[in-house]
Every structure is written in C-alpha cells, then in structure tokens.
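# predicted model follows, preceded by the sequence.
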Amino acid sequence: MAIAPEILFINEEFLKKYTQLNEAVDTNLIRPAMYLAQDKYITLWLGTDLTNKIKSEIENGTLAGVYETLLNEYIVKPTAWWTMVELYPMLMYKHDNGNLVTRQSENTTAISKGEMDALIDKARENANWYTQRLVDYLCANNADYPEYSSNNWPDIHPLRKVNRQSTVAFSQGYSSDSPWSRFNVRDFTN
C-alpha cells in the first residue's frame, strides 16, 4: 500500500532558516514534527475546509492571491513554532533497539528536562503570538476565505480565540460562534 505524500505548509529549509535549528538536525526528526504541528495546531485554527483548500492549491500549483498571502504571511510562522514545540522532545530522546534513550554525542552535554521544558514554553509563546496574528487576520478578512466558515460536522471548526495560557480548549459544541465559550483550565482553578 502506497502512502500518499502529505502537503506541508513549510519545509525543513524554512524551519532551519527561521528557528534555532542548524543544518546538522536530521530531516527524519523534523518531518514528523511538521506533520504533527500542522495537523494538531494549524488545522485547529484554520478549520478543515480552509486547510484542505490551501493544501489543494499547493498540490495543484495554483496558490495565488489572498490564499498565497494567507500562507506566506500568516500560516508559515505559527507552523514553524508549533513544529518546534513538538520537535524539542524528539531532539532530546530517541528510540533505539526497543529502548528510549537520551540523545548525546561525544562532545556535548544533554540539557536537563527543566531546560527542555523552558525551550518548549518559549517556542509555545512564539507559536501563540504568531497564531494570534493568524486568527486576527482571518477574522478581519473572513469574506476573502469562505472556507473559514463552511465546515460541517465532522470537520474541525476553526477556533477564533487564541488561549495563550494553555493549548487545551473546552467546548460545548462544534460551533465556535455558540453561546458556550471556550474556557481555560485556569478559569476553574482560581
């Protein structure tokens, strides 16, 4: 069975140019994190229909106009930083002959779990900042993107509020315009 190629919004070259990654980082580690970030986060903010529209335009070589602007100005940066959120743990740990081990070369010292968590938090902060710009742009220009509001169940309806404290969202329904708003876990702990 052949696996269909995934259409990605960024590539390894973009990630290495705009983040702290250097050329020595293995592409085999980067690609799974890019897939995951795009599916897990970016689709959450674009919704299924708009994500599929942009993928289709990329695949067909027809990306232009407002969709090209959306991708190049508002999607690639949050995709890069959500990729980093997912990639940092993959850089620290590796599956090796049935074991999970810490990565370390001869001339380096691995960082602590706390230091890694701080890097993840910083990447998440960057991702949230760029994601807020994406959401603001889409809300201000939603007439240009009919796919932004055309999702039907079981499609993912785009979130329209970036929660900078947590990536967990609670909802009472499928419509982001429902009277039930999305809550932050901290709303219930104070």
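Arrived safely, thanks for sending. Numbers count the residues shown, from 1 in each chain.
# give the other helices and strands that the longest helix seen in the chain contacts.
In the chain, with assignment by DSSP state H, the single longest helix is helix 113-140. Judged by 3 or more C-beta pairs under 8 Å, 6 or more residues apart in numbering; DSSP states H and E, helix 113-140 is in contact with helix 43-46, helix 76-92. From N, CA and C alone the C-beta is placed, and that goes for glycine too.
# to Arg160, which of the ones you listed lies closest?
Among the helices and strands packed on helix 113-140, helix 43-46 comes nearest to Arg160, with 8.5 Å by C-beta to C-beta.
# what mean pLDDT does the closest one have?
In this model, helix 43-46 has a mean pLDDT of 94.
# could you give the number of residues near Ile156?
18 (other C-beta atoms under 10 Å).
# how near is it to Val135?
In this view, Ile156 and Val135 are 14 Å apart by C-beta to C-beta, to the nearest Å.
# same for the strand or helix carrying Tyr35, what does it pack against?
Using DSSP states H and E, Tyr35 sits within helix 27-37. Helices and strands touching helix 27-37, by 3+ C-beta pairs under 8 Å, 6+ apart, are helix 12-18, helix 76-92.
# avg pLDDT for that helix?
pLDDT averaged over helix 27-37 gives 90.
# dump stretch 117-126 to PDB, keeping only the CA atoms.
Extracted in PDB, the C-alpha atoms of stretch 117-126 (Å, rounded to 0.1, in the frame of the first residue of the first chain):
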ATOM      1  CA  ASP A 117      10.600  22.400  29.100                       C
ATOM      2  CA  ALA A 118      11.700  26.100  29.200                       C
ATOM      3  CA  LEU A 119      12.600  25.800  25.500                       C
ATOM      4  CA  ILE A 120       9.200  24.300  24.700                       C
ATOM      5  CA  ASP A 121       7.500  27.100  26.700                       C
ATOM      6  CA  LYS A 122       9.400  29.700  24.700                       C
ATOM      7  CA  ALA A 123       8.500  28.000  21.400                       C
ATOM      8  CA  ARG A 124       4.900  27.800  22.500                       C
ATOM      9  CA  GLU A 125       4.900  31.500  23.400                       C
ATOM     10  CA  ASN A 126       6.200  32.300  19.900                       C
END
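# can we start the residue count at 10 from this point?
Yep, numbering from 10; the last one is stretch 126-135 now.
# of all the helices and strands packed on helix 122-149, which lies closest to Asn160?
The closest of those to Asn160 is helix 52-55. By C-beta to C-beta, the value is 9.8 Å.
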